[in-house]
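Participant: Generate coordinates for the sequence data below:
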Amino acid sequence: MTTDALPHQDPGFALRAAENQVRLNGDIKRTYDFIVCGAGSSGSVIARRLAENPAVDVLLIEAGGSDEAEAVLNPGLWPTNLGTERDWGFQAEPNPHLNGRELSMAMGKGLGGGSSINVMVWARGHKADWDHFASEAGDDRWGYASVLDIYRQIENWQGAPDPHYRGTGGPVWVQPAHDPSPLAKALLGAARDLGIPTFANPNGAMMESQGGAAMTDMLVRDGRRHSLYRAYVHPLTDRSNLTVMTRALARRVHFDGRRAIGLEVERDGRIFSVGARHEVVLSAGAINTPKLLMLSGIGDRAELEQHSIPVVQHLPGVGRNLQDHVSFGCMWELGEPLAPRNSGSEAKLYWKSRPDLVSPDLLFCQVEFPVPSERTAAIGVPENGWTMFAGLAQPKSRGRLFLRDTDPAKALAIDANMLSNPEDLEAARACVKLCRDLGNGDAFKPFVKREVMPKDRDAEGLDAFIRDSAVTYWHQCGTAKMGQDDMSVVDASLAVYGIEGLRVADGSIMPRVTTGNTQAPCAIIGEQAAMRISAKHGL
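Facilitator: As a prediction, the model looks like this:
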């Protein structure tokens, strides 16, 4: 797991890689050794690891387009990608627990997936998350000790040396937020004033503890986004054994009996099939991966039969267990304009809604501009303001995905079901209270003119604010979970139960959402999948 020479250090790389991909795409083969569906945070890792072996022929399929756009590569422009062709633009069903609101659920579409439109936060997940994964999978290789070793191998850490927790020889350039805003520093000061510990960075001892605050670790290199596609796949795009096919929609998995043998693909209005000698890997994300499984005959028998889809494998957990971090935007007006820096989100805080918890269940990302919901925007958003974008790190509510139609171009029905569990509402109240205690503390007084929302409210008013302000963190996961019970979809090796030659490797396999942003855990999922695939096939 060594660092490649950076492509920009080779003046001929860009032209050579572009010409190579044009040539490879102009002569799509009937069969490849492996097909990886989805060039997001997990799929990029898998394609890279398999293609490192020059004897292995890999096809990486991506429904979206190139990442060569200023809105992608400029860290400060990430919000401008939302609602564009680089966003799947999913919309959840009306939620009675959010006063009937229909949440927008963005998801990256294009090379890099979410890692090309997100806030570039590198958050590893808590020790308790990974130990829970290991317990659910029945495999210690998913446990924290093993995962920490993988993180050390894949990181190219640019902060203070810390060999116990950080690595420096891997492909993923990770750096502390550069020259952070005074607002970010104020959050750490406000945390200390409340007795919440602060740490040198959020990805070491902090994620083995009850929580704390730290400056954000980011995937930004030389002032440009360093997505997981850029870290893993881009350096290998001049190779003859790696074909990257963009604007190609995977429609269904093809089977020979119970063995996956390829994909049906639509590109430029043409539908065709591509075969896989060894395996098909679905890394299309927590919405599209279960959709592909269901359209291919893998899912709950009753639902498949309702749509006259022949059942290949009855797995009732497909599309269930949907989770996402839900956030409540508490907002303050600045005393004077203060331009956002980096991505506009430079400080993190994880803490507990109740003192008896052993690990954090609340997630705070300070955002250096206003982030209202469509409802709270009506209260009035200051021209110059900042947001405590804080929410539930370990929600208890679970949602579900439903097929509307057998047409692959039609969207699923998404019942996000946020705040349906009463424990989540209780944690949300504690979350908003902590937001106000932080934002109204002495550390922020030099910068704050007034609290905009929620201000003082009675219990009924607070609950109304929570339901009206709730928005997604865009961390959808869990819809094809790894485990050993009847609702599990994949085993510890990420192989789909009852099917040969088919794996799922993306956020959908998480038994529960990790504490913090999900980009880094998805990289681990990709690494785990690649190791299991390589071991099985002797690569």
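
Participant: Let me see the ranges of the helices in the stretch 301-450 of the chain.
Facilitator: 301-306, 422-439 (DSSP state H, counting those that start in this stretch).

Participant: From residue 464, how far out is the residue of the chain most remote from its centre?
Facilitator: Within the chain, the residue lying farthest from the chain centre (CA atoms, centre = their mean) is residue 458, at 35.3 Å. Residue 458 is 10 Å from residue 464, where distance means CB to CB, to the nearest Å. The C-beta positions use only the backbone N, C-alpha and C, and glycine is treated the same way.

Participant: Can you report how many residues lie near residue 27?
Facilitator: Around residue 27 there are 7 other residues, counting by other CB atoms under 10 Å.

Participant: so is it in a helix, a strand, or just coil?
Facilitator: coil (DSSP: H, G, I helix; E, B strand; the rest coil).

Participant: again with residue 231
Facilitator: Going by three-state DSSP: residue 231 is helix.

Participant: Cross-check the contact I'm expecting between it and residue 172.
Facilitator: Yes: assessed by CB atoms under 8 Å, residue 231 is found in contact with residue 172 at 4.9 Å.

Participant: list the residues that contact both of these two?
Facilitator: Contact criterion CB atoms under 8 Å, 6 or more residues apart in numbering; residues shared by residue 231 and residue 172: residue 219.

Participant: Surely residue 134 is within a helix?
Facilitator: Yes: looking at residue 134 with three-state DSSP, it is inside a helix.

Participant: I figured it hits residue 143, correct?
Facilitator: Yes: using CB under 8 Å, residue 134 is in contact with residue 143, at 3.7 Å.

Participant: Any buried residues in stretch 226-241, and which?
Facilitator: For stretch 226-241, burial by neighbour count (16 or more other CB atoms under 10 Å) applies to 226-239, 241.

Participant: Check stretch 18-36 too.
Facilitator: Result for stretch 18-36 [16+ other CB under 10 Å]: buried residues 20-21, 24, 32-36.

Participant: Pairing partners for the longest strand along the chain, with directions?
Facilitator: In the chain, with assignment by DSSP state E, the single longest strand is strand 270-282. Sheet pairing of strand 270-282 (DSSP bridges) gives strand 31-37 (parallel), strand 259-267 (antiparallel), strand 502-504 (parallel).

Participant: Residues touching the second one, excluding its own?
Facilitator: For strand 259-267, the surrounding residues in contact (CB under 8 Å, 6+ apart) are 31, 35, 37, 61, 245, 247-255, 271-276, 279-280, 408, 499-502.

Participant: Torsion angles phi and psi at the nearest residue to residue 163 once chain neighbours are set aside?
Facilitator: Using CB to CB, 6 or more residues apart in numbering and skipping the chain neighbours, the partner closest in space to residue 163 is residue 152 (8.0 Å). Main-chain torsions, residue 152, degrees, to the nearest 10: phi -60, psi -30.

Participant: what about residue 152, how many neighbours?
Facilitator: 19.

Participant: Check residue 395 too.
Facilitator: Applying other CB under 10 Å, we find 24 residues neighbouring residue 395.

Participant: Correct me if wrong: it contacts residue 325.
Facilitator: Yes: the pair residue 395 / residue 325 is scored as a contact, 7.0 Å apart, by CB under 8 Å.

Participant: Could you name every residue contacting both of the two?
Facilitator: Between them, residue 395 and residue 325 share the contacting residues residue 513, judged by CB under 8 Å, 6+ apart.

Participant: Residue 503 and residue 270: what is the separation?
Facilitator: For residue 503, the distance to residue 270 - CB to CB - is 27 Å.

Participant: Quick check on the two: which one has the bigger neighbour count.
Facilitator: Taking other CB under 10 Å, residue 503 and residue 270 do not tie; residue 503 has more neighbours (25 against 7).

Participant: low-confidence ranges in this protein?
Facilitator: Within the chain, the segments meeting pLDDT under 70 span 1-9.

Participant: Repeat the analysis, applying 80 as the threshold.
Facilitator: Counting by pLDDT under 80, the low-confidence segments of the chain come to 1-11.

Participant: re the thing from before, any chance of the strands paired with strand 270-282 in TSV, plus distance to residue 93?
Facilitator: Formatted as TSV, the strands paired with strand 270-282 follow (distance: least, CB to CB, whole Å):
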stretch	distance to residue 93
strand 31-37	26
strand 259-267	26
strand 502-504	24
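
Participant: Which among those strands is found nearest to residue 298?
Facilitator: Of all the strands paired with strand 270-282, the one in closest proximity to residue 298, counting by CB to CB, is strand 502-504 (8.2 Å).

Participant: Verify the stated contact: residue 191 with residue 214.
Facilitator: No: using CB under 8 Å, residue 191 is not in contact with residue 214, being 9.3 Å away.
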